[in-house]
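Visitor: Structural data only, the sequence is not supplied:
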């Protein structure tokens, strides 16, 4: 045997040993999808048409891989996804882009609800001690907009007849005209169609819990009431919202589900108090009882109004948790600061997932695109958390879900999808996800902005309007209490 043949033989032996000790990336990724999606019955056959050639679980897997792609066009993302599905051995998937989008559009609610329920169950199972803070499961909610392409279908569904004629839109348009008054051609205001996103966000796990989509003029309070009516939440859920989530109907809907709420209030809220000077009573009890509710015989909401200091700002917080032992002033400040991080989640959707402007020009496909972008973001964060939390328990290191990096998690998943033929160590995917953390270096310079742009049309929130109960209020309240006791 020549030296050349001997070297070739030794190379083949090393290659065989490497394959025996290692595992292909496709197998690691398949095991991951099996654990998350295919491990239990998510869908029933009765929910789908009998002539479909794809399987719902494999279609959901295909849609997640498609949403994780970083290509500019959705059609290019589909081609790469189809190649990845062939390497993974997923045969019962949609083979054409048209069929794929039609399936996602037609069964959007069915597949979304099934996967969302699966996501929520896994979040409670994987989250461990981060799932609750003391006795509360903290649920924040807020709204944002994503821009849609200017097509006839999108303009018809997502624009309104008076879109752009509001006070803020007129102010911005006039501002642009003032800035360009010396130009020959005045700047024409462009009103693009937008999709409204109302998200409920698990504050402890920093994970999207559920959401609703609608046209640009949707009511975020209406979306939250719709979610409360259609979905169930664990016991002792504390819903945390900003100053836009006010009103008797919304607060009463939260209380009827068995949950509680914590919201910031200001001059946009009118409350009743038994005392003449409410400002001298810290953490006093107030009533939310609009006139129409009082006249119709609906009971008032008994709430606690607390004045807190967050940073340099003094603000008022309203909560349905009356006892200070269950929700102290310190807890209120902490939870409100945690709720603000939902803005970081929206930034991840728009910048990291790159959905600031959507791609689809058909309104139904666009809703499916945004739905699956949110689902893909939620599952990517759940995958990272699944690897990071057990590592924390084993090493006893300081960790919070705030340390998780969506960008680094997506880099790991996208790299695995691009290189599915490589042979690696069996723990490579898990180790890579454990290290998908934000950078913890100390800044050498101050990152604070030099100035904050002034919004002339936005007025300070102010203080809530608290008035003393009249004799009419007291008499009506006594009648309601007597009727309830009887």
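Guide: Nice, thanks for sending it over. Please read all numbers here as calculations on a predicted model, not as lab measurements.

Visitor: who's in contact with residue 143?
Guide: Applying Cβ atoms under 8 Å, 6 or more residues apart in numbering, we find residue 143 in contact with 196-199, 218, 220, 223, 244. Heads up, the C-betas are built off the backbone N, CA and C, glycines and all.

Visitor: Show me what it bridges to in the sheet.
Guide: Legend: beta-bridge partners of residue 143 under DSSP bridges are residue 198.

Visitor: So it versus residue 120, what's the distance?
Guide: Residue 143 is 20 Å from residue 120, where distance means Cβ to Cβ, to the nearest Å.

Visitor: Helices of the stretch 101-250 of the chain, residue ranges please.
Guide: Secondary structure of the stretch 101-250 of the chain by DSSP state H, counting those that start in this stretch: the helices cover 108-127, 152-158, 167-179, 220-230, 248-256.

Visitor: between those helices, which gets the lowest average pLDDT?
Guide: Looking over the helices of the stretch 101-250 of the chain, mean pLDDT reaches its minimum on helix 167-179, with a mean of 68.

Visitor: just checking, residue 364 is part of a strand?
Guide: No: using DSSP: H, G, I helix; E, B strand; the rest coil, the assignment for residue 364 is helix, not a strand.

Visitor: wait, what's in contact with it?
Guide: 105, 108.

Visitor: if we go to 7 Å?
Guide: residue 105 (Cβ atoms under 7 Å, 6 or more residues apart in numbering).

Visitor: if we can go back for a sec, are any of the contacts of residue 143 buried, and if so which?
Guide: 196-199, 218, 220, 223 (16 or more other Cβ atoms under 10 Å).

Visitor: list the contacts for residue 441?
Guide: By Cβ under 7 Å, 6+ apart, residue 441 lies in contact with nothing.

Visitor: which SS state does it fall under?
Guide: With three-state DSSP as the criterion, residue 441 reads coil.

Visitor: List just the nearest of the buried ones among the contacts of residue 143 to residue 294.
Guide: Checking those against residue 294 with Cβ to Cβ, the nearest one is residue 220 at 26.3 Å.

Visitor: That closest one is in contact with residue 197, isn't it?
Guide: No: using Cβ atoms under 7 Å, residue 220 is not in contact with residue 197; the gap is 9.1 Å.

Visitor: Residue 149 and residue 362 touch, don't they?
Guide: No: contact criterion Cβ under 7 Å: residue 149 and residue 362 do not qualify, at 9.5 Å.

Visitor: picking up where we left off before, got the contacts of residue 143 as CSV, with distance to residue 290 columns?
Guide: Formatted as CSV, those follow (distance: Cβ to Cβ, whole Å):
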residue, distance to residue 290
196, 26
197, 29
198, 23
199, 28
218, 23
220, 20
223, 21
244, 18
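
Visitor: Roughly how far does the closest residue to residue 252 other than its chain neighbours sit from residue 468?
Guide: Leaving aside its chain neighbours, residue 252 sits nearest to residue 301 (6.4 Å; criterion: Cβ to Cβ, 6 or more residues apart in numbering). Residue 301 sits 18 Å away from residue 468, going by Cβ to Cβ.
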